[in-house]
Structure formats: C-alpha cells, structure tokens
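Chemist: Below is the sequence, then the predicted model.
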Amino acid sequence: MNPPDPAALRASRLKLLLIMLVFAAPIVAAMLLTLSGWQPSGKANGQAITPQRNFAAEQLPISLTNGDTWEWRASEPKLTLVALAGPDCAAKCLDVLTKMAAARITLNQNAERLRLLYVGKPPADAAASGMTNYWKLGQDAMGALAPFKPTEPDTVSAVLVESNGTALSFYPAGFDPTGLRKDLQKVIR
C-alpha cells in the first residue's frame with residue numbers, strides 16, 4: 001500500500017476547513033452582532049412601549065358600559081386594540097375609529113383574533129354611527145391609561161395589547177390608520 005500523497009491530503013483538509021467555515025461564518029457573525037448590541041429594526045408604524053407594561057399584571061380595571069370589567073387575558077389568543085379619545089371626540093375622531101374598525105375587517109378570517117376596546121367618553125352619535133357594533137365601550141376610572149390618552153380635542157390614539165395583557169405598540173394622536181392596518185396584518189396571522 002502506498003502512503004497518501006501529502007499534497008492531496010492538504011487539499012482534502014483545506015476543503016474540509018472551507019466547508020466548516022461556510023457553516024460557521026453566519027453563527028460567528030450573529031454572535032458578534034449580538035455582543036455589539038445591534039438589534040434589527042422593523043418597520044412598524046407604532047412606537048414601542050418602553051418600559052414594557054402588562055395591563056393584566058397591573059390589574060388595570062376598565063369598566064364596560066354593561067357593568068363588567070374588561071378581561072385583559074383573553075381565553076383564546078386575541079390581541080386588543082385600545083382606542084383612547086381626546087376631549088370632545090367628534091367627526092375626525094369618529095372617522096379614525098371607523099378606519100380602525102375597518103382595519104379589523106381587512107384581517108378577513110383572522111378578524112376574530114382582534115378585540116376592539118374604546119376607552120373614554122364615546123362620541124355623541126356613537127350608537128347611530130354603528131360604533132357600538134364593533135367596539136366595546138369602557139371607562140378608565142383610575143386614569144391608568146392617561147399617559148397614552150391624547151390631550152387635543154377630536155383626536156384619538158391607540159395601544160395594541162397582546163393576549164397576555166402586555167402592551168406592544170403605541171399609536172399617538174394623528175397616526176396613520178393605514179400604517180396601523182399594516183402592523184395588524186403583520187402581527188395577526
């Protein structure tokens with residue numbers, strides 16, 4: 001039996017090292033990016049809520065118009081879109097609320113995975129406009145959601161809440177309802 005050719009042995013070892021490097025390079029790159037503190041940034045339209053809040057853990061009470069208290073933890077995985085109106089919710093506010101409800105409808109078969117909660121004094125023509133067909137109406141007697149509530153008249157802001165009660169995103173007054181719809185379509189599948 002002939003001894004192996006040293007040049008062929010080096011070439012085989014080099015090929016093996018190159019194959020290992022191809023598989024190890026992405027792992028090493030990810031590790032370096034993580035250690036440097038880099039985090040990928042998504043193109044969400046809402047603002048991240050920091051520090052994170054969990055409304056269920058805070059036992060944040062929202063009194064519904066039927067006398068019940070809002071359950072932040074849903075029995076099935078469902079997100080909650082909370083609309084918070086500024087003072088004197090009128091035509092502009094109602095228009096944004098209608099677009100928010102329409103965003104839920106565009107989820108098609110997943111529409112049931114999004115609950116709509118309106119917190120605050122409802123517009124004067126809420127029942128006539130059909131708002132109560134889509135939205136659960138409630139009050140925040142303790143003012144725990146005050147940091148998210150707009151101060152300008154006839155405006156509305158929104159908070160997207162995970163099914164475990166964790167507040168995910170904040171949409172300040174003047175937000176684009178189309179951007180909210182895009183975010184909902186990304187999150188609810």
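Modeler: The structure has been received and is ready for your questions. Residues are numbered from 1 along each chain as shown.

Chemist: drop to CA atoms for contacts and neighbour counts, all remaining ones
Modeler: Noted.

Chemist: Report the contact partners of residue 117.
Modeler: Shown here is residue 117, whose contacts under the criterion C-alpha atoms under 8 Å, 6 or more residues apart in numbering are 80, 81, 82, 83, 135, 136, 137, 138.

Chemist: any chance you could map the strands in this structure?
Modeler: Taking DSSP state E, the strands of the chain run over residues 47-48, 63-64, 79-85, 114-119, 136-139, 156-161, 167-171.

Chemist: Dump these to a markdown table, plus mean pLDDT.
Modeler: Converted to a markdown table, those look like this (pLDDT from 0 to 100):
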| stretch | mean pLDDT |
| --- | --- |
| strand 47-48 | 87 |
| strand 63-64 | 91 |
| strand 79-85 | 93 |
| strand 114-119 | 93 |
| strand 136-139 | 91 |
| strand 156-161 | 94 |
| strand 167-171 | 92 |
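
Chemist: Kindly reformat those as CSV containing distance to residue 148.
Modeler: Written out in CSV, the entries for the strands of the chain read as follows (distance: least, C-alpha to C-alpha, whole Å):
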stretch, distance to residue 148
strand 47-48, 11
strand 63-64, 18
strand 79-85, 7
strand 114-119, 11
strand 136-139, 14
strand 156-161, 7
strand 167-171, 7
